[in-house]
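**Q** next input, structure requested:
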Amino acid sequence: MKNIGLFGGTFDPIHNGHLHIARAFADEIGLDTVVFLPAGDPYHKDPSRACAQDRLIMTELAIADDPRFAASDCDIVREGATYTFDTVQIFRQQFPAAQLWWLMGSDSLMKLHTWKKWQTLVRQTHITVAMRQGDNLNQTPRELHAWLGEALQNGSVRILNAPLHNTSSTQIRQTLQSGRLSDDLPPQVARYIREHKLYQSGK
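**A** Numbering: from 1, shown residues only. Purely as a prediction, here's the structure:
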């Protein structure tokens, strides 16, 4: 059975912290492929951010060196609000025999009970949780306790040993707006940002 990991995010821009956690995701879960899923453009576009097409291209540049990594425009081309449940359904239809794993940070786990059709979602995909510094499973809302306890026991939820890096896309954008490049960017992404003058003040 093929193991496919799904990694959604704005990736605005993609940085070394994203690549670090994706490698840990692939290594610890034993994934054949990790699919990066850049989010579509918000309805009210912030001019200090990159458009979906640029974010997809930067993601493709960043992951080119790892044969386990792929990028999809699945969440970009869909119109209207995109929900994790719908994204997983699309991949479930494309790869009916595969085991799907959805990567989320512990901050997202704490809000999982507010997600669209979350109880169906957790039956459609396994979940991998990357813990943020200071978070622990004792903080999980009571609405998730019964499900999470059983899921951890049967292996449908796995906690990564590798923690999330403190690298922040927000801080990287602020650094870029000040005219400097960030050390947290893969070189090919930094080059693309420089060539296309992304994240510059007033652009």
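
**Q** where does this protein have low pLDDT?
**A** 43-45, 47, 201-203 (pLDDT under 70).

**Q** helices of that one, start to end?
**A** All helices of the chain, identified by DSSP state H, fall at 16-29, 52-63, 74-77, 84-94, 106-109, 118-124, 142-154, 169-177, 187-195.

**Q** so which other helices or strands are in contact with the fifth one?
**A** Spelled out, that is helix 106-109. Applying 3 or more C-beta pairs under 8 Å, 6 or more residues apart in numbering; DSSP states H and E, we find helix 106-109 packed against strand 126-130. C-beta here means a position set from N, CA and C on the backbone, and glycine is covered the same way.

**Q** who touches the strand it packs on?
**A** 5, 21, 24-25, 28-29, 99-106, 109, 151, 155-160, 162-164 (C-beta atoms under 8 Å, 6 or more residues apart in numbering).

**Q** now do that strand: distance to the chain's middle.
**A** Here strand 126-130 is found 11 Å from its chain centre; the criterion is C-alpha atoms, centre = their mean, to the nearest Å.

**Q** with stretch 138-155 instead?
**A** Worked out by C-alpha atoms, centre = their mean, stretch 138-155 lies 22 Å from the chain centre.

**Q** which residues touch it?
**A** 109, 110, 112, 113, 119, 122, 126, 127, 137, 157, 159.

**Q** tally of neighbours for the second one?
**A** Same thing as residue 110. The number of residues packed near residue 110 is 17, by other C-beta atoms under 10 Å.

**Q** how much space separates it from residue 135?
**A** From residue 110 over to residue 135 the distance is 8 Å, taken as C-beta to C-beta, to the nearest Å.

**Q** ok, the third one next?
**A** Applying C-beta to C-beta, the value for residue 112 to residue 135 is 13 Å.

**Q** neighbour count: the two, which is higher?
**A** residue 112 (21 against 18).

**Q** with adjacent residues omitted, what lies nearest to that one?
**A** residue 118 (5.4 Å; C-beta to C-beta, 6 or more residues apart in numbering).
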